[in-house]
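In: build me a model:
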Amino acid sequence: MLISPPYNEYNLDGKTEVIVIDHLGGFNKNYQNVLLNQISKSTFGGQIITEYIFDNKIKNNYPTCNFLYSKDLWRKYNFIDDFLNYNIHPQIDYKNFICSFNGGAHVSRQLLSSILNNQKYFDPEYTSKNFAYNDDYITGHLKNLDLSDSEIVLYLKFFTNNDEFNNSVYSFGHIRYEHNKNIYNLEHKLTQSFLHIVSETMATSYYPFITEKFLYSIVTRGLFLAYAQPGWHKHLQKYYGFKLYDKIFDYSFDDIENPVKRLIQLVETISKFSKLSSDDWRDLYLMEQDTIEYNYEHYFSGSYLKHLAQFE
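Out: The predicted structure is shown next:
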């Protein structure tokens, strides 16, 4: 039985196996999930096949659930193979600091777009925002993300923007799910930018979910950091075998659980690079070139699949 969004009530009576796809609506700070709560309270005792690689934080919450990770399920529903025919990219030619691509209007993408513009890092030639909103939305999001009143007052300073920005849509002809086409729309934006901030799916969740979005940087031999769930970068390294660019980037933001505080720390981490010259950016790129080449070969050779196989 295949379970897909929007994860309404499902009758699992008599089923011996369910396949759940996508991010499952995410996990709260107690590592609980609405769909898994529903399944665990049912009489279903079969196998739950998922795109997630769950550790004990999740398994301990659902001791009656028999989880099975499927790398092929992850590949299929995240279009991982869409980049395999893309093996020639433009030369690295830095003209811009940050690029970031924000498709759906999820809370985390509204927050990321807002703070990038507030901090003067949002260049509409290189960063997309395919949705409109207003500052009241941002205030409401902060109120719902486990912050004290004083923290909300403080952090709003980093997310407030004018109406012109909030109401504007900045798009590059994004075609949802067609990454083999989108890469050609984005390749110059990636190779001309020092850093790609990956706008991961549902960064307000509390458990890592790896999608195809980081691969845009892998296949264009670029540097990236992700606004994603806590522990996302460590998860990518441990389970998928990709290396981090830790010669130049401090990944301590990855350990911060609260999504707002994690995003602010991420922006603080990258801010020190913003005033450097393109020659300086190039020097930093060369410091990580071995890792960049490793990640490129790790994807195109398929060795990441061998790494993943041990967790099935």
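
In: contacts and neighbour counts: CA atoms only from here.
Out: Will do.

In: strands along the stretch 101-250 of the chain, start to end?
Out: Assignment of strands within the stretch 101-250 of the chain using DSSP state E, counting those that start in this stretch yields the ranges 193-199, 224-227.

In: which one of those lies closest to Tyr177?
Out: The minimum distance between Tyr177 and the strands of the stretch 101-250 of the chain falls on strand 193-199, with 15.0 Å, by C-alpha to C-alpha.

In: next one: that closest one to chain centre, how far?
Out: 11 Å (C-alpha atoms, centre = their mean, to the nearest Å).

In: so what's the model's average confidence on that strand?
Out: Mean per-residue pLDDT for strand 193-199: 98.

In: one more: stretch 264-278?
Out: For stretch 264-278, the mean pLDDT works out to 98.

In: closest to the centroid, which residue in this structure?
Out: Glu200 (1.9 Å; C-alpha atoms, centre = their mean).

In: quick one, what contacts that one?
Out: Contact partners of Glu200, counting by C-alpha atoms under 8 Å, 6 or more residues apart in numbering, are 210-211, 213, 226-228.

In: what's the answer for Leu112, then?
Out: Leu112 sits next to 199, 227, 263 when contact means C-alpha under 8 Å, 6+ apart.

In: closest one of the residues you listed to Val219?
Out: Out of the contacts of Leu112, the member with the shortest distance to Val219 (by C-alpha to C-alpha) is Ser199, at 16.8 Å.

In: doesn't Asn102 make contact with that closest one?
Out: Yes. With contacts counted by C-alpha atoms under 8 Å, Ser199 reaches Asn102, the gap being 6.2 Å.

In: neighbour count: these two, which is higher?
Out: Comparing Ser199 with Asn102 by neighbour count (other C-alpha atoms under 10 Å), the higher total belongs to Asn102, at 24 against 21.

In: residues contacting the more buried one?
Out: Counting by C-alpha under 8 Å, 6+ apart, Asn102 touches 109, 113, 127-130, 199.

In: export the contacts of Leu112 to CSV and tack on distance to Arg221?
Out: CSV is the format used below for the contacts of Leu112 (distance: C-alpha to C-alpha, whole Å):
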residue, distance to Arg221
Ser199, 18
Tyr227, 19
Leu263, 24
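
In: can you get me a residue count around Phe54?
Out: If you count neighbours by other C-alpha under 10 Å, Phe54 ends up with 16.

In: next: the one 10 residues further on.
Out: When neighbours are counted by other C-alpha under 10 Å, Thr64 registers 15.

In: roughly how far apart are the closest residue to it other than its chain neighbours and Pro63?
Out: Nearest in space to Thr64, with sequence neighbours left out and distances taken as C-alpha to C-alpha, 6 or more residues apart in numbering, is Ser40 at 6.6 Å. Ser40 is 9 Å from Pro63, where distance means C-alpha to C-alpha, to the nearest Å.

In: do Phe27 as well
Out: Taking C-alpha to C-alpha, one finds Phe27 at 16 Å from Pro63.

In: and these two? which has more neighbours close in?
Out: Each of Phe27 and Pro63 has its neighbours counted (other C-alpha under 10 Å); Phe27 has more, 21 against 11.

In: isn't that one right up against Ser205?
Out: Yes. Assessed by C-alpha under 8 Å, Phe27 is found in contact with Ser205 at 5.1 Å.

In: which residues do Ser199 and Asn102 both contact?
Out: Arg109.

In: and the helices in the stretch 151-300 of the chain, which stretches?
Out: For the stretch 151-300 of the chain, the helices defined by DSSP state H, counting those that start in this stretch cover 163-167, 179-191, 215-219, 232-240, 259-271, 278-287, 289-300.

In: could you tell me the angle between the fifth one and strand 193-199?
Out: With axes from the mean of the first three to the mean of the last three C-alpha atoms, to 10 degrees applied, the angle from helix 259-271 to strand 193-199 works out at 170 degrees.

In: separation between the residue nearest to the centre of the chain and Tyr52?
Out: Using C-alpha to C-alpha, Glu200 is found at 15 Å from Tyr52.

In: equivalent analysis for Asn162, please.
Out: Noted for Asn162: a distance of 38 Å to Tyr52, by C-alpha to C-alpha.

In: likewise for His23?
Out: Remark: distance between His23 and Tyr52 (C-alpha to C-alpha) = 8 Å.

In: overlap of the contact sets of the two?
Out: Going by C-alpha under 8 Å, 6+ apart, residues that sit against His23 and also against Tyr52 are Phe209.

In: now Phe79: how far from Asp55?
Out: On the measure of C-alpha to C-alpha, Phe79 and Asp55 end up 24 Å apart.

In: which one's more surrounded, those two?
Out: Ranked by neighbour count (other C-alpha under 10 Å), Phe79 and Asp55 place Phe79 first, with 17 against 9.
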